[in-house]
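S.K.: all I have is the shape, not the residue letters:
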């Protein structure tokens with residue numbers, strides 16, 4: 001039964017990624033390449049660390065959170081319009097994100113690796129969070145909504161309530177909620193103004 005929940009969560013996440021990739025290829029969505037590159041690395045390291053610490057099925061959503069961004073990054077090269085102009089701030093966030101991953105490599109401790117993977121992923125998210133706030137039309141919310149529900153489904157199958165099993169999925173839920181709020185804030189504001 002647990003495997004089916006993970007499979008359903010993975011399918012939900014993948015459906016949002018497919019939509020995002022299609023919108024990227026069309027040039028409607030403009031991914032920040034620094035963010036999507038680092039988003040692929042950090043979850044894959046978090047997956048490896050959790051797996052080495054004995055976590056099995058519960059790490060599936062985190063693994064998908066790493067593979068999906070690699071596909072988005074690749075898609076951003078298919079259409080010249082699907083490219084967000086990078087600024088020095090983006091590179092700075094990428095540098096600190098990568099530095100957090102290097103700190104993990106030095107420690108070789110799975111729990112510390114998960115902490116640094118979360119820090120790295122969060123730093124990588126900053127440029128796209130800012131872009132989502134300022135230019136929500138350059139993003140596609142489907143990927144964040146599907147990721148939120150996919151990870152939430154994955155959490156329902158957690159066997160051990162340990163840091164290794166919960167830390168990255170809980171972080172993913174929180175960061176996706178932030179993206180959803182940022183992307184839909186204008187709609188929420190308009191509704192309040194009408195009332």
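M.R.: Good, I have the coordinates. A quick note: this is a predicted structure, and the numbers were derived from the prediction, not measured.
S.K.: for the rest of this, base every contact and every neighbour count on C-alpha atoms.
M.R.: OK.
S.K.: okay, now the unreliable bits of the protein?
M.R.: For the chain, residues meeting the criterion pLDDT under 70 lie at 1-3, 57-58, 61, 83, 188-195.
S.K.: change it to 90
M.R.: Along the chain, segments meeting pLDDT under 90 span 1-14, 33-35, 37-68, 70, 79-121, 123-124, 150-169, 185-195.
S.K.: and the helices in it?
M.R.: 2-26, 33-52, 60-75, 88-107, 110-134, 142-155, 163-194 (DSSP state H).
S.K.: among those helices, which comes closest to residue 82?
M.R.: Closest to residue 82 of the helices of the chain is helix 2-26 (C-alpha to C-alpha; 5.4 Å).
S.K.: helix 142-155 and the closest one, what's the angle between them?
M.R.: 170 degrees (axes from the mean of the first three to the mean of the last three C-alpha atoms, to 10 degrees).
S.K.: output the contacting helices and strands for helix 2-26.
M.R.: helix 60-75, helix 142-155 (3 or more C-alpha pairs under 8 Å, 6 or more residues apart in numbering; DSSP states H and E).
S.K.: compare those helices and give me the one nearest residue 81.
M.R.: With distances scored as C-alpha to C-alpha, the stretch of the helices and strands packed on helix 2-26 nearest to residue 81 is helix 60-75 (11.1 Å).
S.K.: a markdown table for the helices of the chain, including distance to residue 81?
M.R.: Listed next are these as a markdown table, based on distance: least, C-alpha to C-alpha, whole Å:
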| stretch | distance to residue 81 |
| --- | --- |
| helix 2-26 | 8 |
| helix 33-52 | 13 |
| helix 60-75 | 11 |
| helix 88-107 | 18 |
| helix 110-134 | 16 |
| helix 142-155 | 19 |
| helix 163-194 | 20 |
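S.K.: list the buried residues of stretch 100-120.
M.R.: 100-101, 104, 110-120 (16 or more other C-alpha atoms under 10 Å).
S.K.: make JSON lines out of those residues and add distance to residue 158.
M.R.: Below are these laid out as JSON lines (distance: C-alpha to C-alpha, whole Å):
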{"residue": "100", "distance to residue 158": "27"}
{"residue": "101", "distance to residue 158": "26"}
{"residue": "104", "distance to residue 158": "25"}
{"residue": "110", "distance to residue 158": "18"}
{"residue": "111", "distance to residue 158": "17"}
{"residue": "112", "distance to residue 158": "20"}
{"residue": "113", "distance to residue 158": "20"}
{"residue": "114", "distance to residue 158": "17"}
{"residue": "115", "distance to residue 158": "19"}
{"residue": "116", "distance to residue 158": "22"}
{"residue": "117", "distance to residue 158": "20"}
{"residue": "118", "distance to residue 158": "19"}
{"residue": "119", "distance to residue 158": "22"}
{"residue": "120", "distance to residue 158": "24"}
